[in-house]
Each structure stands twice: as structure tokens, then as C-alpha cells.
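Trainee: What would the 3D arrangement of this be:
(2 chains)
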Amino acid sequence: AQSVSQHNHHVILSEAASLELGCNYSYGGTVNLFWYVQYPGQHLQLLLKYFSGDPLVKGIKGFEAEFIKSKFSFNLRKPSVQWSDTAEYFCAVNFYGGSQGNLIFGKGTKLSVKP
Amino acid sequence: DTEVTQTPKHLVMGMTNKKSLKCEQHMGHRAMYWYKQKAKKPPELMFVYSYEKLSINESVPSRFSPECPNSSLLNLHLHALQPEDSALYLCASSQGQGLAKNIQYFGAGTRLSVL
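Mentor: Residues are numbered from 1 along each chain as shown, chains lettered A, B, ... in the order given. Here you go, the predicted structure:
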């Protein structure tokens, strides 16, 4: 079955620390890749996406992600986190194995940034 | 504008009640989705409508009944729910389900409590 794995359940960082959240998926075919963020009490917001082309994609709020096809990975990075980055981060993948592309989410990583 | 509007924001209902959740988008998107999100879990796909036709039903119990009256509106009719159905119900929309069109934008959700 197609699946998405996020390595860390809860990450705690101090402000200005660098961030990397891991995401791996199980499928070797065509995929679209996404990172969403859910701030406390708010809705899911799209941080960035990868469809094709440059494997290093830049998103909003200083986030970036790198698609490594050989590793089936799409890790999220930010050089210097802020307290306002405290949120739940979800990796999501569209798998195009059939006629429909369902969006499958990883279990999420909770990021807590200490001021 | 990437806004998906869901009403109501909160809903409390008894197990014998009938209620409806509403979702609206004015982005011209032709695919709309219902997800269920339990606390500290990722969203789980329930239904997908593509061009106002139900294209995916992820084995959801019949006490949940979706409806897509037109391309901008999506309803979820609820009847005889169980306490375990308490969750955040998210609506999303995208241009379509095909490659390069399946960027999903989410509403804020309806937080449902079943007593």
C-alpha cells in the first residue's frame, strides 16, 4: 500500500536553530509532493509543493524542501526557526498509480520552538 | 484568493440528530474533498467530487452522505452519528485531480462533537 512516513513525532528547538523534518514515501512512480502546516487552532496551509523540475523548492515563510528521487524523500528545511513556526507539519503525497490522485498524509511532526 | 469557507465552525449534535456541514469555494475549482481529522492525527480522505460527480468514497459509513449541488458548493449530511465520529471535518478544493492540478486548499474545518 502507498504510504507516507514522517520520521519525527515531536521536535523541540530553540529560536534560530536550523530545522530539518524528514518525509519518505513508498511509491516509485509519478508523485506530487507537498508540505502543509497547521498552526494551533488554524487550518491547513500549503507551505510548498513539488511537481517536477528543480528538486529544491522554496515555499513561504523561508521554508524549502528537497526532493531526492533515489531516496523517495522530500525533507523540509529552514535555516533559522522562529517561535511563530510552532505548529504541526504534514508531508503529503499524490500517488499517480491509477486514474485518481489521492492525497495521502504522513502522521505529522509537531514542532515546538522555544523563545 | 485561495479561500475555502466552511460552516459552521463548531457543531454539537446528538446521536439522533440530522445536521449538515457546508463548504464553499469561488476559485473555479472542479474537485472538492471531505476529510476527517481526529486529534493529533493526519487528515483522512472521505469523499472526492470531480466535476460535481462523486469519484471517490473511501468506504465511509452511510451515516455520512455527501452532496455537491454545484461546482462551488459541497455539503456533508450527517445522520445517526456515533460519539466516535467526533472530529474536525475538513473541506478542500483543487483545480482538478490530474497531474499539476491537484493542489488542494483547505478550509478551517468544522469541529463536530457527537453526544
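Trainee: burial count for B:Arg30?
Mentor: Neighbourhood size, B:Arg30 [other C-beta atoms under 10 Å in any protein chain shown]: 16. Every C-beta, even on glycine, is put in place using the N, C-alpha and C of the backbone.
Trainee: do A:Lys107 as well
Mentor: Around A:Lys107 there are 15 residues (other C-beta under 10 Å).
Trainee: what is the mean pLDDT for the helix or strand B:Tyr35 falls within?
Mentor: If you go by DSSP states H and E, B:Tyr35 is part of strand B:31-37. Taken as a whole, strand B:31-37 has a mean pLDDT of 95.
Trainee: What are the contacting residues of the next helix or strand after that strand?
Mentor: Later in the chain than strand B:31-37, the nearest helix or strand by DSSP H and E is strand B:44-50. Applying C-beta atoms under 8 Å, 6 or more residues apart in numbering or on different chains, the contact partners of strand B:44-50 are A:100, A:102-105, B:30-37, B:54-58, B:60, B:64, B:66, B:68, B:74, B:76, B:96-97.
Trainee: Can you check what angle separates the strand holding B:Tyr35 from strand B:44-50?
Mentor: Relative orientation of strand B:31-37 versus strand B:44-50 (axes from the mean of the first three to the mean of the last three C-alpha atoms, to 10 degrees): 170 degrees.
Trainee: Which elements pack onto strand B:31-37?
Mentor: strand B:18-25, strand B:44-50, strand B:73-79, strand B:87-94 (3 or more C-beta pairs under 8 Å, 6 or more residues apart in numbering or on different chains; DSSP states H and E).
Trainee: Looking at the ones you listed, spot the one closest to A:Asn8.
Mentor: strand B:44-50 (20.8 Å; C-beta to C-beta).
Trainee: Work out the gap between that closest one and the centre of the chain.
Mentor: 7 Å (C-alpha atoms, centre = their mean, to the nearest Å).
Trainee: residue ranges for the strands of chain A, please.
Mentor: A:4-6, A:10-14, A:19-21, A:23-25, A:31-38, A:44-50, A:56-58, A:64-68, A:73-78, A:87-95, A:103-105, A:109-114 (DSSP state E).
Trainee: which stretch in those strands has the least confidence?
Mentor: strand A:103-105 (a mean of 89).
Trainee: Check chain B for the residue nearest chain A and tell me.
Mentor: Nearest to chain A in chain B, going by C-beta to the nearest C-beta, is B:Pro42, at a distance of 3.6 Å.
Trainee: so that residue sits right up against A:Gly108, yeah?
Mentor: Yes: when contacts are counted by C-beta atoms under 8 Å, B:Pro42 is listed as touching A:Gly108 (5.4 Å).
Trainee: Can you check which residues contact both of these two?
Mentor: A:Phe90.
Trainee: Using CSV, lay out the strands of chain A together with mean neighbour count and distance to B:Ala108.
Mentor: What follows is these, written out as CSV (neighbours: other C-beta atoms under 10 Å in any protein chain shown; distance: least, C-beta to C-beta, whole Å):
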stretch, mean neighbour count, distance to B:Ala108
strand A:4-6, 19, 23
strand A:10-14, 13, 24
strand A:19-21, 19, 23
strand A:23-25, 22, 24
strand A:31-38, 23, 10
strand A:44-50, 20, 9
strand A:56-58, 13, 26
strand A:64-68, 18, 24
strand A:73-78, 21, 23
strand A:87-95, 24, 15
strand A:103-105, 22, 17
strand A:109-114, 16, 19
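Trainee: Cool, thanks, talk later.
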